[in-house]
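Trainee: here is a sequence together with a model predicted from it:
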Amino acid sequence: MSVLKPSSAALQSAAATIRSGGVVIMPTETVYGLACNATDAEAVQHVFEIKGRPADNPLIVHIADVSQLKQVAESWPPLAEKLAERFWPGPLTLVLPRHPSVPKETTGGLDTVAVRIPSHPIALELIRLADCPVAAPSANLFMGLSPTNLNMIDPAIEIDVEVMLDGGPCEIGLESTVVDLTDETPRILRPGGVSRAQIQAVVGRPLGSLPPSFVRKSPGMMHRHYAPDARVVLVDEAPDGEAALVFGETSNSLHIRMPNEPSAYGARLYAALQAADSRADSVIFVEQPPDSADWEAVNDRLQKASAEPEF
Ligand code: TXA
Ligand code: MG
(Lines give C-alpha, C1' and ligand atoms only; values in the text may rest on other atoms or scores of the structure.)
(Ligands and ions follow the chains in the order given, each with its own letter.)
Protein backbone atom coordinates (compact mmCIF):
# COMPACT_ATOMS: atom_id res chain seq x y z
CA MET A 1 0.00 0.00 0.00
CA SER A 2 1.35 3.44 -0.86
CA VAL A 3 0.31 6.87 0.39
CA LEU A 4 0.47 9.25 -2.52
CA LYS A 5 0.35 13.01 -2.80
CA PRO A 6 -2.17 13.53 -5.57
CA SER A 7 0.19 14.21 -8.49
CA SER A 8 -1.11 13.34 -11.91
CA ALA A 9 1.00 10.13 -11.88
CA ALA A 10 -0.57 9.16 -8.54
CA LEU A 11 -4.06 9.80 -9.88
CA GLN A 12 -3.29 7.72 -12.98
CA SER A 13 -2.04 4.89 -10.82
CA ALA A 14 -5.08 5.05 -8.50
CA ALA A 15 -7.43 5.12 -11.51
CA ALA A 16 -5.66 2.07 -13.00
CA THR A 17 -6.08 0.29 -9.64
CA ILE A 18 -9.83 0.98 -9.69
CA ARG A 19 -10.15 -0.14 -13.32
CA SER A 20 -8.41 -3.41 -12.53
CA GLY A 21 -10.72 -4.23 -9.61
CA GLY A 22 -8.62 -2.83 -6.75
CA VAL A 23 -9.54 -0.58 -3.83
CA VAL A 24 -8.28 2.98 -3.29
CA ILE A 25 -8.72 5.47 -0.46
CA MET A 26 -10.07 8.66 -2.00
CA PRO A 27 -10.58 12.04 -0.35
CA THR A 28 -13.95 13.72 -0.80
CA GLU A 29 -15.25 17.03 0.58
CA THR A 30 -17.33 15.10 3.16
CA VAL A 31 -15.20 12.17 4.43
CA TYR A 32 -12.59 9.82 2.97
CA GLY A 33 -14.04 6.97 0.91
CA LEU A 34 -13.04 3.39 0.17
CA ALA A 35 -13.34 3.50 -3.60
CA CYS A 36 -13.76 0.80 -6.25
CA ASN A 37 -15.45 0.23 -9.60
CA ALA A 38 -19.20 0.31 -8.81
CA THR A 39 -19.98 -2.03 -11.72
CA ASP A 40 -17.51 -4.71 -10.59
CA ALA A 41 -19.35 -7.02 -8.16
CA GLU A 42 -16.13 -8.66 -6.95
CA ALA A 43 -14.42 -5.36 -6.19
CA VAL A 44 -17.55 -4.22 -4.36
CA GLN A 45 -17.62 -7.42 -2.30
CA HIS A 46 -14.01 -6.78 -1.36
CA VAL A 47 -14.97 -3.33 -0.06
CA PHE A 48 -17.71 -4.89 2.09
CA GLU A 49 -15.17 -7.39 3.45
CA ILE A 50 -12.59 -4.73 4.25
CA LYS A 51 -15.16 -2.70 6.21
CA GLY A 52 -16.81 -5.70 7.86
CA ARG A 53 -20.07 -4.24 6.59
CA PRO A 54 -23.23 -6.35 6.21
CA ALA A 55 -23.97 -7.09 2.53
CA ASP A 56 -27.44 -5.50 2.73
CA ASN A 57 -26.08 -2.03 3.54
CA PRO A 58 -25.84 -0.31 0.12
CA LEU A 59 -22.95 1.81 -1.16
CA ILE A 60 -23.10 5.27 -2.71
CA VAL A 61 -22.09 5.44 -6.37
CA HIS A 62 -19.94 8.45 -7.26
CA ILE A 63 -19.90 9.93 -10.74
CA ALA A 64 -17.93 12.85 -12.18
CA ASP A 65 -20.54 14.32 -14.48
CA VAL A 66 -24.36 14.31 -14.77
CA SER A 67 -23.98 12.67 -18.17
CA GLN A 68 -22.89 9.49 -16.30
CA LEU A 69 -26.25 9.37 -14.49
CA LYS A 70 -27.78 7.29 -17.29
CA GLN A 71 -25.14 4.59 -16.65
CA VAL A 72 -26.25 4.11 -13.05
CA ALA A 73 -29.91 5.18 -12.79
CA GLU A 74 -32.73 3.76 -14.91
CA SER A 75 -34.68 7.00 -14.69
CA TRP A 76 -34.86 10.16 -12.65
CA PRO A 77 -37.68 12.59 -11.93
CA PRO A 78 -37.43 16.29 -12.91
CA LEU A 79 -36.80 17.00 -9.23
CA ALA A 80 -33.54 15.02 -9.42
CA GLU A 81 -32.35 17.35 -12.15
CA LYS A 82 -33.30 20.41 -10.13
CA LEU A 83 -31.49 19.14 -7.03
CA ALA A 84 -28.47 18.03 -9.07
CA GLU A 85 -28.25 21.39 -10.77
CA ARG A 86 -28.34 23.21 -7.46
CA PHE A 87 -26.12 20.95 -5.30
CA TRP A 88 -23.80 18.90 -7.55
CA PRO A 89 -20.91 18.65 -7.33
CA GLY A 90 -21.40 18.56 -3.57
CA PRO A 91 -22.55 16.69 -0.46
CA LEU A 92 -25.95 15.53 -1.72
CA THR A 93 -26.78 11.90 -2.56
CA LEU A 94 -29.92 11.05 -4.53
CA VAL A 95 -31.62 7.65 -4.31
CA LEU A 96 -33.04 6.71 -7.74
CA PRO A 97 -34.16 3.57 -9.61
CA ARG A 98 -31.11 1.34 -10.22
CA HIS A 99 -29.76 0.78 -13.75
CA PRO A 100 -29.00 -2.91 -14.49
CA SER A 101 -25.32 -2.09 -15.08
CA VAL A 102 -24.98 -1.48 -11.34
CA PRO A 103 -24.85 -4.92 -9.71
CA LYS A 104 -27.08 -5.68 -6.76
CA GLU A 105 -23.96 -6.24 -4.66
CA THR A 106 -23.40 -2.47 -4.85
CA THR A 107 -26.95 -1.59 -3.83
CA GLY A 108 -27.26 -4.15 -1.06
CA GLY A 109 -29.85 -6.08 -3.05
CA LEU A 110 -32.07 -3.02 -3.63
CA ASP A 111 -33.59 -1.92 -6.93
CA THR A 112 -32.57 1.62 -6.12
CA VAL A 113 -29.15 3.25 -6.32
CA ALA A 114 -27.69 6.14 -4.35
CA VAL A 115 -25.67 8.57 -6.51
CA ARG A 116 -23.64 11.70 -5.99
CA ILE A 117 -21.06 13.91 -7.69
CA PRO A 118 -18.47 14.86 -5.07
CA SER A 119 -16.90 18.31 -5.26
CA HIS A 120 -13.39 17.39 -4.13
CA PRO A 121 -11.11 17.99 -7.16
CA ILE A 122 -9.06 14.82 -6.45
CA ALA A 123 -12.20 12.66 -6.29
CA LEU A 124 -13.55 14.20 -9.49
CA GLU A 125 -10.30 13.68 -11.36
CA LEU A 126 -9.95 10.12 -10.08
CA ILE A 127 -13.49 9.20 -11.21
CA ARG A 128 -12.87 10.81 -14.62
CA LEU A 129 -9.62 8.91 -15.11
CA ALA A 130 -11.06 5.61 -13.86
CA ASP A 131 -13.78 6.12 -16.47
CA CYS A 132 -16.39 4.18 -14.49
CA PRO A 133 -18.87 4.92 -11.70
CA VAL A 134 -17.06 4.62 -8.36
CA ALA A 135 -18.65 3.04 -5.29
CA ALA A 136 -17.29 4.50 -2.08
CA PRO A 137 -18.50 4.03 1.46
CA SER A 138 -16.78 6.00 4.18
CA ALA A 139 -13.30 4.54 4.79
CA ASN A 140 -13.97 3.27 8.32
CA LEU A 141 -14.70 -0.11 9.82
CA PHE A 142 -18.44 -0.83 10.11
CA MET A 143 -19.99 1.38 12.83
CA GLY A 144 -16.75 3.30 13.37
CA LEU A 145 -15.96 6.98 12.94
CA SER A 146 -15.67 8.16 9.34
CA PRO A 147 -12.16 9.46 8.65
CA THR A 148 -11.85 13.16 7.85
CA ASN A 149 -8.08 12.99 7.38
CA LEU A 150 -5.66 10.21 6.43
CA ASN A 151 -4.32 9.81 9.97
CA MET A 152 -7.75 8.70 11.17
CA ILE A 153 -7.82 5.64 8.93
CA ASP A 154 -7.73 2.36 10.82
CA PRO A 155 -4.63 0.25 10.05
CA ALA A 156 -6.99 -2.73 9.61
CA ILE A 157 -8.41 -0.96 6.56
CA GLU A 158 -5.05 0.12 5.14
CA ILE A 159 -3.84 -3.48 4.90
CA ASP A 160 -6.20 -4.29 2.04
CA VAL A 161 -5.95 -1.02 0.17
CA GLU A 162 -3.55 -0.53 -2.71
CA VAL A 163 -3.34 3.26 -2.84
CA MET A 164 -4.28 6.07 -0.44
CA LEU A 165 -4.58 9.55 -1.95
CA ASP A 166 -3.83 12.35 0.48
CA GLY A 167 -6.30 15.18 0.05
CA GLY A 168 -5.72 16.84 3.42
CA PRO A 169 -8.55 17.39 5.92
CA CYS A 170 -12.10 17.11 4.56
CA GLU A 171 -13.82 20.47 4.32
CA ILE A 172 -17.33 19.36 5.35
CA GLY A 173 -16.41 16.53 7.68
CA LEU A 174 -19.89 14.95 7.86
CA GLU A 175 -21.26 12.61 5.21
CA SER A 176 -23.53 13.69 2.37
CA THR A 177 -27.26 14.22 2.82
CA VAL A 178 -29.11 11.22 1.37
CA VAL A 179 -32.46 12.05 -0.27
CA ASP A 180 -34.82 9.34 -1.50
CA LEU A 181 -36.57 10.32 -4.74
CA THR A 182 -38.10 6.91 -5.47
CA ASP A 183 -41.36 7.57 -3.62
CA GLU A 184 -43.91 10.21 -4.46
CA THR A 185 -42.74 12.30 -1.54
CA PRO A 186 -39.02 13.05 -1.34
CA ARG A 187 -37.48 12.15 2.01
CA ILE A 188 -34.20 12.79 3.76
CA LEU A 189 -32.81 9.38 4.73
CA ARG A 190 -29.65 10.81 6.30
CA PRO A 191 -29.10 14.47 7.16
CA GLY A 192 -25.68 15.72 6.09
CA GLY A 193 -23.65 18.33 4.25
CA VAL A 194 -26.65 19.98 2.55
CA SER A 195 -29.25 21.18 5.05
CA ARG A 196 -32.94 20.26 5.09
CA ALA A 197 -33.80 23.96 4.55
CA GLN A 198 -31.63 24.14 1.42
CA ILE A 199 -33.30 21.02 -0.02
CA GLN A 200 -36.75 22.17 1.02
CA ALA A 201 -36.16 25.45 -0.83
CA VAL A 202 -35.62 23.58 -4.10
CA VAL A 203 -38.33 20.95 -3.56
CA GLY A 204 -40.92 23.62 -2.77
CA ARG A 205 -43.18 21.32 -0.74
CA PRO A 206 -42.78 19.58 2.60
CA LEU A 207 -40.36 16.65 2.65
CA GLY A 208 -41.77 13.34 3.85
CA SER A 209 -41.07 12.06 7.31
CA LEU A 210 -39.55 8.66 7.90
CA PRO A 211 -41.82 5.73 8.60
CA PRO A 212 -40.78 3.82 11.76
CA SER A 213 -39.88 0.77 9.65
CA PHE A 214 -37.30 2.82 7.85
CA VAL A 215 -34.23 1.33 9.46
CA ARG A 216 -34.13 -1.34 6.76
CA LYS A 217 -34.52 1.06 3.88
CA SER A 218 -31.27 2.85 4.67
CA PRO A 219 -29.22 0.74 7.04
CA GLY A 220 -26.96 3.72 7.75
CA MET A 221 -29.88 4.90 9.84
CA MET A 222 -29.24 2.18 12.39
CA HIS A 223 -29.11 3.60 15.86
CA ARG A 224 -25.55 2.83 16.87
CA HIS A 225 -23.17 4.28 14.30
CA TYR A 226 -20.32 6.74 13.97
CA ALA A 227 -19.18 5.65 17.42
CA PRO A 228 -15.73 5.81 19.03
CA ASP A 229 -14.62 3.04 21.41
CA ALA A 230 -15.52 5.00 24.54
CA ARG A 231 -19.19 5.52 25.36
CA VAL A 232 -20.52 8.92 24.27
CA VAL A 233 -22.77 10.65 26.80
CA LEU A 234 -24.60 13.86 25.87
CA VAL A 235 -24.75 16.44 28.66
CA ASP A 236 -25.54 20.12 29.21
CA GLU A 237 -22.22 20.74 30.92
CA ALA A 238 -19.22 18.42 30.82
CA PRO A 239 -17.69 17.41 34.17
CA ASP A 240 -14.11 18.52 34.89
CA GLY A 241 -11.42 15.90 34.67
CA GLU A 242 -13.24 13.79 32.04
CA ALA A 243 -12.67 13.58 28.28
CA ALA A 244 -15.20 15.90 26.67
CA LEU A 245 -16.23 18.01 23.68
CA VAL A 246 -17.27 21.38 25.08
CA PHE A 247 -18.51 24.79 24.04
CA GLY A 248 -16.66 27.80 25.44
CA GLU A 249 -13.42 28.02 27.40
CA THR A 250 -11.74 24.72 28.25
CA SER A 251 -10.84 24.27 31.89
CA ASN A 252 -8.50 21.30 31.51
CA SER A 253 -6.54 19.31 28.94
CA LEU A 254 -9.17 16.56 28.69
CA HIS A 255 -11.67 19.03 27.25
CA ILE A 256 -11.71 19.83 23.54
CA ARG A 257 -13.28 23.15 22.62
CA MET A 258 -15.75 22.88 19.73
CA PRO A 259 -16.90 25.67 17.37
CA ASN A 260 -20.23 27.41 18.07
CA GLU A 261 -21.26 27.32 14.45
CA PRO A 262 -22.78 24.07 13.03
CA SER A 263 -20.75 23.65 9.83
CA ALA A 264 -17.45 24.35 11.60
CA TYR A 265 -18.53 21.96 14.37
CA GLY A 266 -19.40 19.29 11.79
CA ALA A 267 -16.03 19.65 10.10
CA ARG A 268 -14.27 19.01 13.42
CA LEU A 269 -16.58 16.43 14.98
CA TYR A 270 -15.09 13.07 13.96
CA ALA A 271 -11.47 14.09 14.50
CA ALA A 272 -12.44 15.56 17.90
CA LEU A 273 -14.25 12.35 18.91
CA GLN A 274 -11.20 10.34 17.90
CA ALA A 275 -8.89 12.64 19.88
CA ALA A 276 -11.22 12.44 22.89
CA ASP A 277 -11.33 8.65 22.53
CA SER A 278 -7.57 8.43 22.99
CA ARG A 279 -7.82 10.47 26.21
CA ALA A 280 -10.97 8.88 27.63
CA ASP A 281 -11.13 6.16 30.27
CA SER A 282 -14.44 4.80 29.13
CA VAL A 283 -16.71 7.81 28.57
CA ILE A 284 -16.60 10.90 26.35
CA PHE A 285 -18.96 13.64 27.52
CA VAL A 286 -20.31 15.80 24.72
CA GLU A 287 -22.00 19.11 25.47
CA GLN A 288 -25.22 19.03 23.55
CA PRO A 289 -25.59 21.54 20.67
CA PRO A 290 -28.88 23.47 20.32
CA ASP A 291 -31.85 21.41 19.17
CA SER A 292 -32.38 23.60 16.10
CA ALA A 293 -32.66 22.91 12.36
CA ASP A 294 -29.17 24.13 11.47
CA TRP A 295 -27.67 21.56 13.87
CA GLU A 296 -29.69 18.62 12.42
CA ALA A 297 -26.77 16.72 10.82
CA VAL A 298 -24.47 17.19 13.83
CA ASN A 299 -27.22 16.16 16.26
CA ASP A 300 -28.00 13.10 14.12
CA ARG A 301 -24.37 11.92 14.35
CA LEU A 302 -24.22 12.66 18.09
CA GLN A 303 -27.44 10.70 18.68
CA LYS A 304 -26.00 7.76 16.76
CA ALA A 305 -22.62 7.96 18.47
CA SER A 306 -24.32 7.93 21.87
CA ALA A 307 -26.88 5.19 21.16
CA GLU A 308 -26.69 2.07 23.30
CA PRO A 309 -24.71 -0.70 21.54
CA GLU A 310 -27.46 -3.33 21.79
CA PHE A 311 -29.64 -1.34 19.36
O1 TXA B 1 -20.42 11.68 2.09
C2 TXA B 1 -20.65 10.51 1.78
O3 TXA B 1 -21.77 10.15 1.39
C4 TXA B 1 -19.49 9.50 1.88
C5 TXA B 1 -18.42 9.87 0.85
C6 TXA B 1 -17.29 8.89 0.79
O7 TXA B 1 -19.02 10.07 -0.40
N8 TXA B 1 -19.96 8.17 1.71
C9 TXA B 1 -20.72 7.55 2.65
O10 TXA B 1 -21.01 6.24 2.33
O11 TXA B 1 -21.08 8.08 3.67
P12 TXA B 1 -21.55 5.20 3.40
O13 TXA B 1 -21.55 3.91 2.68
O14 TXA B 1 -20.75 5.30 4.62
O15 TXA B 1 -23.04 5.63 3.63
C16 TXA B 1 -23.99 5.44 2.61
C17 TXA B 1 -25.37 5.70 3.13
C18 TXA B 1 -25.82 4.62 4.05
O19 TXA B 1 -26.61 5.21 5.08
C20 TXA B 1 -26.70 3.75 3.12
O21 TXA B 1 -27.66 3.00 3.81
C22 TXA B 1 -27.32 4.82 2.24
O23 TXA B 1 -26.27 5.75 2.02
N24 TXA B 1 -27.71 4.26 0.94
C25 TXA B 1 -26.92 3.85 -0.07
N26 TXA B 1 -27.64 3.34 -1.09
C27 TXA B 1 -28.93 3.45 -0.74
C28 TXA B 1 -30.16 3.10 -1.37
N29 TXA B 1 -30.20 2.54 -2.56
N30 TXA B 1 -31.31 3.37 -0.70
C31 TXA B 1 -31.28 3.94 0.52
N32 TXA B 1 -30.15 4.29 1.18
C33 TXA B 1 -28.98 4.05 0.55
MG1 MG C 1 -20.31 5.33 6.58
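Mentor: Cool, got the structure. Numbering: from 1, shown residues only. Ligands and ions are numbered 1, 2, ... in the order given.
Trainee: drop to CA atoms for contacts and neighbour counts, all remaining ones
Mentor: Will do.
Trainee: so which residues of this structure form strands?
Mentor: Under the criterion DSSP state E, the chain carries strands at the ranges 2-4, 24-26, 33-37, 60-62, 92-97, 112-116, 134-135, 163-165, 177-180, 187-190, 231-235, 244-246, 255-257, 283-287.
Trainee: worst average pLDDT in these?
Mentor: Lowest mean pLDDT of these: strand 2-4, a mean of 71.
Trainee: would you mind listing where the stretch 201-311 of the chain has pLDDT under the threshold?
Mentor: Residues of the stretch 201-311 of the chain that meet the criterion pLDDT under 70 lie in 211-224, 309-311.
Trainee: try it again at 50.
Mentor: 311 (pLDDT under 50).
Trainee: Throw the strands of the chain into TSV and include mean neighbour count and distance to residue 263, thanks.
Mentor: Formatted as TSV, those follow (neighbours: other Cα atoms under 10 Å; distance: least, Cα to Cα, whole Å):
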stretch	mean neighbour count	distance to residue 263
strand 2-4	14	28
strand 24-26	28	22
strand 33-37	30	20
strand 60-62	27	22
strand 92-97	26	15
strand 112-116	26	20
strand 134-135	29	26
strand 163-165	24	24
strand 177-180	24	13
strand 187-190	21	16
strand 231-235	19	19
strand 244-246	28	16
strand 255-257	20	15
strand 283-287	23	16
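Trainee: list the contacts of residue 228.
Mentor: For residue 228, the contacting residues are 144-145, 273-274, 277, 305, by Cα atoms under 8 Å, 6 or more residues apart in numbering.
Trainee: inside helices: which ones of those?
Mentor: 273-274, 277, 305 (DSSP state H).
Trainee: can you list these in a markdown table and add distance to residue 59 and neighbour count?
Mentor: Shown next, in a markdown table, are the ones in helices among the contacts of residue 228 (distance: Cα to Cα, whole Å; neighbours: other Cα atoms under 10 Å):
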| residue | distance to residue 59 | neighbour count |
| --- | --- | --- |
| 273 | 24 | 27 |
| 274 | 24 | 19 |
| 277 | 27 | 21 |
| 305 | 21 | 26 |
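Trainee: closest one of the residues you listed to residue 195?
Mentor: Nearest to residue 195 among those: residue 305, at 20.0 Å, using Cα to Cα.
Trainee: so what's residue 244 up against?
Mentor: Residue 244 neighbours (Cα under 8 Å, 6+ apart): 238, 254-256, 276, 284-287.
Trainee: please repeat the previous calculation with a cut-off of 10 Å.
Mentor: The contact partners of residue 244, taken as Cα atoms under 10 Å, 6 or more residues apart in numbering, are 232-235, 237-238, 250, 252-258, 272-273, 275-277, 279-280, 283-287.
Trainee: same check, this time on residue 192
Mentor: Residues counted as contacts of residue 192 (Cα under 10 Å, 6+ apart) are 30, 91-93, 172-179, 266, 295-298, 300-301.
Trainee: at 8 Å instead, please
Mentor: Counting by Cα under 8 Å, 6+ apart, residue 192 touches 91-92, 174-178, 297-298.
Trainee: report the separation between the nearest residue to it once chain neighbours are set aside and ligand 1.
Mentor: Spatially, and ignoring its direct neighbours in sequence, residue 192 is nearest to residue 177 (3.9 Å; Cα to Cα, 6 or more residues apart in numbering). To ligand 1, residue 177 is 7 Å away according to Cα to the nearest ligand atom, to the nearest Å.
Trainee: so residue 177 bridges to which residues?
Mentor: residue 92 (DSSP bridges).
Trainee: so residue 243 makes contact with residue 273?
Mentor: No. The criterion here is Cα atoms under 8 Å, and residue 243 misses it with residue 273 at 9.6 Å.
Trainee: am I right that residue 185 is in contact with residue 210?
Mentor: No. Residue 185 is not in contact with residue 210 according to Cα under 8 Å; the separation is 10.6 Å.
Trainee: quick one: contacts for residue 257?
Mentor: Taking Cα under 8 Å, 6+ apart as the criterion, residue 257 is in contact with 245-250.
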